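[1] With the sequence up front, the predicted model follows.
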Amino acid sequence: MKKDIEEKRDNDEQESSWAHICCISIAVVIIGLPLLYPLIKKLVGG
């Protein structure tokens, strides 16, 4: 019984770390897009 509880805790930690990674990725995209937009426009527009 105790082992099941420990396994569940490990799974919860993995899920929370994935959520953390997703949040960071979204934040990086939101912050990065305005900075990258002029570069992309320059490359596409020539």
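    Right, received. Where do you want to start?

[2] Any regions of this structure where pLDDT drops low?
    Across the chain, the ranges flagged by pLDDT under 70 are 1, 46.

[3] 90 instead?
    Counting by pLDDT under 90, the chain shows low-confidence ranges at 1-16, 18, 36-37, 39-41, 45-46.

[4] In which helix or strand does residue 33 reside?
    Counting by DSSP states H and E, the element that carries residue 33 is helix 2-45.

[5] Okay, the residue nearest in space to the middle of the chain and residue 33: tell me how far apart.
    Centrality entry for the chain: nearest residue to the mean C-alpha point is residue 22, 2.4 Å, by C-alpha atoms, centre = their mean. Using C-beta to C-beta, to the nearest Å, one obtains 17 Å as the distance from residue 22 to residue 33. The C-beta positions use only the backbone N, C-alpha and C, and glycine is treated the same way.

[6] same deal with residue 42?
    Using C-beta to C-beta, which is the criterion applied here, residue 42 is 15 Å from residue 33.

[7] what's the answer for residue 15, then?
    Residue 15 sits 27 Å away from residue 33 when distances are taken as C-beta to C-beta.

[8] again, but for residue 13
    Counting by C-beta to C-beta, the separation of residue 13 from residue 33 is 31 Å.

[9] likewise residue 18?
    23 Å.

[10] And for residue 21?
    Look at residue 21 and residue 33: by C-beta to C-beta, they are 19 Å apart.

[11] before we move on, what about residue 11?
    33 Å.

[12] cool, residue 45 as well?
    As defined by C-beta to C-beta, residue 45 lies at a distance of 17 Å from residue 33.

[13] for residue 41, same thing?
    Distance from residue 41 to residue 33, counting by C-beta to C-beta: 12 Å.

[14] Check residue 39 too.
    11 Å.

[15] which residues touch residue 18?
    Applying C-beta atoms under 8 Å, 6 or more residues apart in numbering, one finds that residue 18 lies in contact with no residue.

[16] what's stretch 20-28 in contact with?
    With C-beta under 8 Å, 6+ apart as the test, stretch 20-28 has no contacts from any other residue.

[17] Only alpha carbons, please: show it as CSV.
    Only the C-alpha atoms of stretch 20-28 are listed here, as CSV (Å, rounded to 0.1, in the frame of the first residue of the first chain):
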residue,chain,number,x,y,z
HIS,A,20,6.2,23.9,-15.6
ILE,A,21,8.0,23.3,-18.9
CYS,A,22,4.9,24.2,-20.8
CYS,A,23,4.4,27.4,-18.9
ILE,A,24,8.0,28.4,-19.5
SER,A,25,7.7,27.6,-23.2
ILE,A,26,4.6,29.7,-23.6
ALA,A,27,6.3,32.6,-21.7
VAL,A,28,9.3,32.4,-23.9
